[in-house]
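Engineer: structure here, sequence nowhere to be found:
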């Protein structure tokens with residue numbers, strides 16, 4: 001794809017972000033686009049948390065520091081309408097370096113988001129990655145400055161290549177043969193696991209690794225390690241490797257880095273200095289290989305030549321035609337690596353059965369239970385059965401998302417965010433969520449989650465029931481996203497010179513900022529209300545259908561925002577048109593309004609307390625859900641007619 005076509009796509013996708021999230025500034029649109037499309041961060045988190053940019057950002061456009069990232073990531077973005085003609089000098093990487101300095105020395109400056117990030121940064125012991133992102137090219141001086149200060153550059157070319165890698169899923173090319181130089185005198189050669197298998201341990205030129213990755217990209221890696229380039233954004237490992245290479249300390253690199261493990265079907269020792277490696281696959285060292293590729297790419301841009309780069313990396317090369325032995329090598333060499341923890345359950349029979357149940361639902365839904373699985377489907381061109389017609393979206397749910405949604409359904413919305421890593425880290429979390437084939441009395445008896453079976457409402461055993469529960473929870477989550485969209489749209493649309501009525505409305509809406517992050521709380525309380533309807537003799541699925549409908553394509557990926565109408569008044573707190581709020585979800589709007597009426601006093605009671613934050617109030621405080629639930633129960637006790645008015649289904 002040429003630059004002109006790519007640039008056109010970027011601008012179109014940026015415009016979609018602007019429209020969907022009421023973001024007018026193109027620089028902010030670009031930063032969020034980069035986060036979601038190049039670094040592969042979830043779009044909601046990109047908008048809500050990782051994008052720091054705006055007035056008072058203190059030169060930090062991107063700031064990531066949470067449990068999902070093993071490194072702190074700080075980035076400065078510069079957008080150009082004409083990137084093919086734009087050239088960024090050393091001012092851009094210098095801004096990133098200065099932003100880090102100011103973060104360390106002036107943590108109290110800037111807007112609230114920047115202050116929160118600075119506070120988290122001050123107590124973090126994680127390594128730091130610095131990114132200079134320019135939608136154009138960089139001068140040689142800028143590249144040299146960035147290399148000196150250990151700042152990673154993303155220019156137009158690198159952005160385009162990474163976007164293509166992530167978004168345009170083409171058939172991969174695997175190598176039949178690669179050549180690597182080595183010194184036989186400094187190589188250990190021995191038989192392993194029988195005389196038919198042989199091992200070479202030696203120092204290889206990193207330029208040989210660069211050439212292989214440059215030519216074959218993912219094809220050089222063993223299948224289970226592919227499609228993970230974006231993971232480097234979450235880790236400090238790649239930055240450490242890159243720093244050692246750029247510093248040019250070849251001896252340090254070979255000692256400090258664990259190196260690569262390559263498995264091949266045959267190895268031909270052509271002479272004293274060269275090996276021909278037949279059907280090679282790197283089974284350990286994917287991140288190292290990509291870091292080598294990035295570092296050499298930057299060094300070449302700074303004016304160095306391939307011949308100037310002398311660094312070497314430790315390589316363990318194993319010749320074997322024993323498939324089972326090769327699998328054991330892959331598994332054992334990756335045991336200590338920080339891989340996606342959910343992959344440890346990817347072949348669990350429960351996950352396989354759920355994948356089958358989702359696929360056999362009507363319409364078919366892709367259950368993403370293994371890293372890289374969706375990319376495999378796309379490369380085999382089998383994704384069309386999941387496509388939502390008329391859109392570029394697909395019916396997809398990951399088992400990680402399913403876990404978070406189910407935590408909300410069982411009445412633990414505060415764990416859905418703050419303890420989400422435990423879904424696969426903690427066996428008890430995994431058992432409660434995914435033991436769909438276990439009776440409730442055993443499944444929901446869990447001290448770890450402070451859970452007893454009697455607390456769990458209207459959830460039945462069975463894989464089909466699990467699928468239906470997750471679809472409903474995901475539907476509420478997506479509808480909550482629409483509520484967030486219209487809230488943000490109204491807050492961003494207030495006139496600068498507000499009259500006194502508009503100012504009153506604006507201040508009240510500030511206290512409803514929970515609408516941007518209450519998704520799991522909303523799922524939990526809506527499910528509780530649905531359960532309350534069953535006490536009046538209504539089937540749970542009839543209640544759900546009345547509330548959100550049954551159009552799975554719309555609920556799981558359609559343009560839900562188009563189903564709502566925004567309020568045009570700035571003198572009240574309505575975010576939807578009071579007369580005609582929605583064409584499809586009027587009951588949902590009524591439910592949300594009445595839930596908000598119960599939640600607003602709880603916010604008011606805590607809002608002025610020192611240290612109050614919506615994140616802790618919504619995501620971490622168990623009393624928020626229990627207090628809200630109690631106030632809903634009070635309405636239920638008031639009588640049937642009152643209940644029907646507050647939470648109608650017909």
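Structural biologist: That came in fine, so what should we check first? No experiment lies behind these values; they were computed from the predicted model shown.
Engineer: give me the below-cutoff pLDDT ranges for the stretch 451-600 of the chain.
Structural biologist: The stretch 451-600 of the chain contains no residues with pLDDT under 70.
Engineer: what ranges does it have for its helices?
Structural biologist: Taking DSSP state H, counting those that start in this stretch to define them, one finds helices in the stretch 451-600 of the chain at 463-493, 500-510, 519-534, 540-548, 552-557, 586-607.
Engineer: which of the ones you listed is buried the deepest?
Structural biologist: Neighbour counts (mean count of other CB atoms under 10 Å) averaged over each of these peak at helix 519-534, with a mean of 23. Just so you know, the C-beta spots here come from the backbone N, C-alpha and C atoms, and that holds for glycine as well.
Engineer: now the angle from that one to helix 586-607?
Structural biologist: Inter-element angle recorded for helix 519-534 and helix 586-607: 120 degrees (by axes from the mean of the first three to the mean of the last three CA atoms, to 10 degrees).
Engineer: circling back to that earlier point, turn the helices of the stretch 451-600 of the chain into CSV, including distance to residue 185.
Structural biologist: Listed next are the helices of the stretch 451-600 of the chain as CSV, based on distance: least, CB to CB, whole Å:
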stretch, distance to residue 185
helix 463-493, 60
helix 500-510, 72
helix 519-534, 62
helix 540-548, 71
helix 552-557, 60
helix 586-607, 72
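Engineer: to residue 352, which of these lies closest?
Structural biologist: The closest of the helices of the stretch 451-600 of the chain to residue 352 is helix 463-493. By CB to CB, the value is 10.5 Å.
Engineer: check the offset of the closest one from the chain's centre.
Structural biologist: When distances are taken as CA atoms, centre = their mean, to the nearest Å, helix 463-493 is centred 17 Å away from the chain's centroid.
Engineer: packing partners for that helix?
Structural biologist: In terms of contacts (3 or more CB pairs under 8 Å, 6 or more residues apart in numbering; DSSP states H and E), helix 463-493 is packed against helix 3-21, helix 349-359, strand 396-398, helix 399-409, helix 500-510, helix 519-534, helix 540-548, helix 552-557.
Engineer: relative to helix 519-534, how tilted is the fourth one?
Structural biologist: Angle between the axes of helix 399-409 and helix 519-534 is 50 degrees (criterion: the same axes, to 10 degrees).
Engineer: what does helix 399-409 contact?
Structural biologist: Residues outside helix 399-409 that contact it (CB atoms under 8 Å, 6 or more residues apart in numbering): 342, 345, 351, 354, 367-369, 413, 415-417, 419-420, 423-424, 429-430, 433-434, 459, 466, 469-470, 473-474, 477, 520-521, 523-524, 527.
Engineer: can you check the shortest one too?
Structural biologist: Counting contacts by CB under 8 Å, 6+ apart, the residues outside strand 396-398 that touch it are 358, 365-369, 374, 386, 470-471, 474, 556-557.
Engineer: just the closest of those residues to residue 303, please.
Structural biologist: Residue 303 has its nearest neighbour among the contacts of strand 396-398 in residue 374, at 40.0 Å by CB to CB.
Engineer: please tell me how far the nearest residue to residue 565 once chain neighbours are set aside sits from residue 566.
Structural biologist: Of all residues not flanking residue 565 in the chain, residue 577 sits nearest, at 4.0 Å (CB to CB, 6 or more residues apart in numbering). Look at residue 577 and residue 566: by CB to CB, to the nearest Å, they are 6 Å apart.
Engineer: what do you get for residue 630?
Structural biologist: 33 Å.
Engineer: same check, this time on residue 454
Structural biologist: 42 Å.
Engineer: which one of those two is surrounded by more residues?
Structural biologist: Of the pair residue 454 and residue 566, residue 566 is the one with more neighbours under other CB atoms under 10 Å, namely 17 against 10.
Engineer: these two touch, right, the more buried one and residue 488?
Structural biologist: No: taking contacts as CB atoms under 8 Å, residue 566 lies outside contact range of residue 488: 11.0 Å.
Engineer: on that earlier part again, quick one: closest of the helices of the stretch 451-600 of the chain to residue 642.
Structural biologist: Nearest of the helices of the stretch 451-600 of the chain to residue 642, taken as CB to CB: helix 586-607 at 10.7 Å.
Engineer: now the protein, which segments are flagged as low pLDDT?
Structural biologist: Checking the chain against pLDDT under 70 turns up 168-172, 195, 222-240, 248-252, 254, 256, 272, 331-341, 379.
Engineer: list the contacts of residue 631.
Structural biologist: 598, 602.
Engineer: tell me which element it is part of?
Structural biologist: Here residue 631 sits within helix 622-638, counting by DSSP states H and E.
Engineer: report the buried residues of that helix.
Structural biologist: Neighbour-count burial for helix 622-638 flags 624, 625, 627, 628, 629, 631, 632, 635, 636 (criterion: 16 or more other CB atoms under 10 Å).
Engineer: residue 12 versus the fourth one, what's the distance?
Structural biologist: Computed as CB to CB, the residue 628 to residue 12 distance reads 41 Å.
Engineer: for residue 409, same thing?
Structural biologist: In this view, residue 409 and residue 12 are 37 Å apart by CB to CB.
Engineer: which of those two has more residues huddled nearby?
Structural biologist: Counting neighbours by other CB under 10 Å for residue 409 and for residue 12 shows that residue 409 has the greater number, 25 against 9.
Engineer: list the strands paired with the helix or strand hosting residue 153, with their directions.
Structural biologist: For residue 153, the host element (DSSP H and E) is strand 151-154. Here strand 151-154 is paired, per DSSP bridges, with strand 128-134 (parallel).
Engineer: show me what the helix or strand just after the strand it pairs with packs onto, helices and strands only.
Structural biologist: Toward the C-terminus, strand 128-134 is succeeded by strand 137-138 as the next helix or strand (DSSP H and E). Packing partners of strand 137-138 (3+ CB pairs under 8 Å, 6+ apart): strand 87-88.
Engineer: elements contacting the strand it packs on?
Structural biologist: strand 137-138.
Engineer: who does the strand it packs on pair up with?
Structural biologist: Here strand 137-138 is paired, per DSSP bridges, with strand 87-88 (parallel).
Engineer: neighbouring contacts of the strand it pairs with?
Structural biologist: Outside strand 87-88, the residues that touch it by CB under 8 Å, 6+ apart are 78, 132, 134, 136, 137, 138, 139, 142, 155.
Engineer: run the chain-centre distance for it.
Structural biologist: Relative to its chain's centre, strand 87-88 lies at 30 Å (CA atoms, centre = their mean).
Engineer: after that strand, heading C-terminal, what element do we hit next?
Structural biologist: Next helix or strand after strand 87-88 toward the C-terminus (DSSP H and E): helix 91-105.
Engineer: run the angle between the very next helix or strand once past that following helix and strand 128-134 for me.
Structural biologist: Later in the chain than helix 91-105, the nearest helix or strand by DSSP H and E is helix 112-122. If you take the same axes, to 10 degrees, helix 112-122 sits at 140 degrees to strand 128-134.
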